[in-house]
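Visitor: I would like the atomic coordinates for the input below:
(one chain, ligands or ions: 1)
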Amino acid sequence: MVVAVALVDEARRVLAARRTSPSAYAGMWEFPGGKVEPGEDELAALARECREELDVQIEVGPVLGQVDLASPGWRLRVWIGRIRAGMPRAVEGGELRWLSAAELDDVSWLPADLPLVESLRQRLADPEPMAFGAG
Ligand SMILES: Nc1nc2c([nH]c(=O)n2[C@H]2C[C@H](O)[C@@H](COP(=O)(O)OP(=O)(O)OP(=O)(O)O)O2)c(=O)[nH]1
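Guide: Sure thing, here's the model as predicted:
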């Protein structure tokens, strides 16, 4: 399982991260996250990846969606979340961008992410405030 998060700020922009590896994905954009380790809780993995990759603490809200990945048996689950503490920086290299709903198509997303980006676009356009649990 791969877990990732669409981090949304007060201006309803979302944080996208540019991959530097592997070469097939280099230059493409994704939601910050990574693989859940054996025995690890999914949300614990998500918090760990955000700490390691972005140096931030996050608060997790609803699930945005999930998709099957090209590698057999692998699934990607993405939550909506926000930053609770810290200023995100690309710890492992790469690049970060805050994208508004209108800018979501300005970057090339990993192919598996496209349906999730579509759901996100609708959520960002919805005037209702985003719900965040106690995550
Ligand atoms: N984090 C993330 N991974 C994604 C997204 N979309 C997508 O297809 N993937 C794929 C790319 C990779 O094959 C896999 C995530 O693996 P990863 O290499 O980022 O995982 P990791 O940080 O745990 O690194 P590693 O242990 O493999 O070195 O999921 C996404 O939006 N976010």
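
Visitor: hey, what's the residue of the chain found nearest the ligand bridged with?
Guide: The ligand sits closest to G34 of the chain, with a gap of 2.7 Å, by Cβ to the nearest ligand atom. Every residue, glycine included, has its C-beta placed from N, CA and C. Beta-bridge partners of G34, counted by DSSP bridges, are V3.

Visitor: any idea of the pLDDT on the residue most central in space within the chain?
Guide: Centroid-nearest residue in the chain: F31, 2.6 Å away (criterion: Cα atoms, centre = their mean). F31 carries a pLDDT score of 98 in this model.

Visitor: Name the nearest residue to it, ignoring sequence neighbours.
Guide: A4 (3.8 Å; Cβ to Cβ, 6 or more residues apart in numbering).

Visitor: Around that neighbour, how many other residues sit close by?
Guide: For A4, the count of nearby residues is 24 (other Cβ atoms under 10 Å).

Visitor: roughly how far apart are it and E42?
Guide: 11 Å (Cβ to Cβ, to the nearest Å).

Visitor: tell me which parts of the protein are close to the ligand?
Guide: Contact residues (Cβ under 6 Å from any ligand atom) of the chain with the ligand: V2, A4, E30, F31, G33, G34, K35, L69, L76, L110, A112, D113.

Visitor: ok, and the closest non-adjacent residue to M87?
Guide: Closest to M87 by Cβ to Cβ, 6+ apart is V56, at 7.3 Å.

Visitor: I'm done for today, thanks for sticking with me.
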